[in-house]
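Engineer: quick one: sequence plus predicted model below, questions after.
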Amino acid sequence: MTTPPAPRLRPRRPAWAGRNYTLLTTAAVVTGLGNAGALIAAAFAVLEAGGDGGDVGLVAAARTLPLVVFLLIGGALADRLPRHRVMVAANSLNCASQALFAVLVLSGEARLWQMAVLSALGGTGQAFFSPAAEGMLLSSVTGEQAARAFALFRMGMNGAQIGGAAVGGALIAVVGPGWMLAVDSAAFAIAAALRALLDVSAVARRKPGGGMLRDLREGWHEVISRPWLWSIIVQFAVVNAVVGAAESVFGPLVAEEHLGGARPWGFALAAFGAGTILGGLLMMRWRPHRLLLAGSLSILPLALPSAALAVPVAIPALVVVMFLVGVSVEVFGVSWMTALHQEIPEDKLSRVSAYDWFGSVAMVPVATALAGPAEETFGRSASLWGCSALILALTLAVLAVPDVRRLRRRGTTPVTEGGPAATGTAPEQVSPR
């Protein structure tokens, strides 16, 4: 009598980690690996071409300006069209622009205006991608485990920053920034193929709208009716601007002059990514009842990296600072995603995400373009200390908003149109779990 073969065990995954969630997470990891190094590569490509801090800032601003211009349109389109198609088209544009950027840098013929134009194309792709991607992700999970799903997603995405930044910095130091840009182009191609496989058959058809302007007005109403939402958007309009200037302009310059170049700066950025992994593990288990109170308090340490660069501290101390900030920022990130998932109707997720992104990046082109002139006028150290002071002041102001302190976690699925979160008073009416 023969013994029947043992049944093959299939790897088990949580019920909330469905096909779409898995594809979205995998694609985010792939692009995260490429983007982490490409951000460093773009700055050092400008420096190798003979540019200075002002030129680095202008190229960074060229990427962000079309992002600001097209974000709201991208959000409206993503709530009208199948979101995965918008994502694939945007990834394809990013793939092409980064490939051409790589060819120009590798040929040694890259000019400042060419790098600015290609960065602008990359920003255009991101403008259409980001609202669609966030809406797709927020609608891919339901129930009480949403926060855990978002924490795991962010762990995968941020985990890619560790390898991407460290390997990217080393690759740039050994063979130059052009090859890192080529890797980023390939990553976008792979991600586009994965996102083309997303299944949207279960997504309810959206009601025909009355035009783009009406869609934008509806999204604006969702934002302005919630004090916790618009106050944090205003906060990050400035916070992201000064952080962007510090990391994309001042950071590479400090690294080049005091820390040893691209490799140690890449390790510092990788330390931030490592901190987000620990923060993600924390948020897999910790479920703060007051979502945005915990999240906003965790933004206060974001003032530390600018201060560390202002000194400047040695690379080991900078690595520690970036690691601790990574942990605290992840607490905010998961709390913020959970709040949006809980409070915003599914059919308006991309439009609200677009306003969120718009506020987050609107001031970045100005800050990055003015970073060079600010350095010449006030000095690099004083400019960096000013960045820290702004972050602290704005975060304390947001903590004074009652709805930020009172919004509580609910163990329910996302609201539908006309649900309980339609007014700014909803956070006070929700009982803690």
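Structural biologist: Ah, there it is. Numbers count the residues shown, from 1 in each chain.
Engineer: what separates residue 248 from residue 36, distance-wise?
Structural biologist: 13 Å (Cβ to Cβ, to the nearest Å). (Glycine included, C-beta is placed from N, CA and C.)
Engineer: oh, I was asking about residue 257
Structural biologist: Residue 257 sits at a distance of 23 Å from residue 36 (criterion: Cβ to Cβ).
Engineer: all helices of the stretch 301-433 of the chain, in order?
Structural biologist: For the stretch 301-433 of the chain, applying DSSP state H, counting those that start in this stretch gives helices covering 304-310, 315-343, 349-361, 364-378, 380-399, 402-406, 426-429.
Engineer: for those, which has the smallest mean pLDDT value?
Structural biologist: When mean pLDDT is averaged over each of the helices of the stretch 301-433 of the chain, helix 426-429 scores lowest at a mean of 29.
Engineer: related to what we said a few turns ago, more neighbours: which of residue 257 and residue 36?
Structural biologist: Shown here are residue 257 and residue 36; by other Cβ atoms under 10 Å, residue 36 has more neighbours (29 against 11).
Engineer: so the more buried one sits against residue 267, correct?
Structural biologist: No. With contacts counted by Cβ atoms under 8 Å, residue 36 stays clear of residue 267, the gap being 11.8 Å.
Engineer: joint contacts of the two?
Structural biologist: Common neighbours of residue 36 and residue 267, counting by Cβ atoms under 8 Å, 6 or more residues apart in numbering, are residue 165.
Engineer: low-confidence regions, this structure specifically.
Structural biologist: Low-confidence regions of the chain, defined here as pLDDT under 70, cover residues 1-17, 53, 143-144, 201-210, 411-433.
Engineer: one more time with 50
Structural biologist: Confidence mapping of the chain against pLDDT under 50 gives the ranges 1-4, 6-10, 412-433.
Engineer: mind checking how far residue 304 is from residue 333?
Structural biologist: In this view, residue 304 and residue 333 are 17 Å apart by Cβ to Cβ.
Engineer: so the two - more neighbours on which side?
Structural biologist: Each of residue 304 and residue 333 had its neighbours counted (other Cβ under 10 Å), and the higher figure belongs to residue 333 (22 against 18).
Engineer: give me every residue that touches residue 279.
Structural biologist: With contacts taken as Cβ under 8 Å, 6+ apart, residue 279 has the following neighbours: 326-331, 333-334.
Engineer: again with residue 351
Structural biologist: 72, 75-76, 78-79, 131, 215-216, 218-219, 222.
Engineer: any idea how far it is from residue 81?
Structural biologist: Separation of residue 351 from residue 81 (Cβ to Cβ): 13 Å.
Engineer: so for residue 190, what's the nearest residue that isn't a sequence neighbour?
Structural biologist: Nearest residue to residue 190 in three dimensions, chain neighbours excluded: residue 30, at 5.1 Å (Cβ to Cβ, 6 or more residues apart in numbering).
Engineer: isn't residue 148 up against residue 286?
Structural biologist: No. Checked against Cβ under 8 Å, the pair residue 148 and residue 286 is beyond contact range at 10.4 Å.
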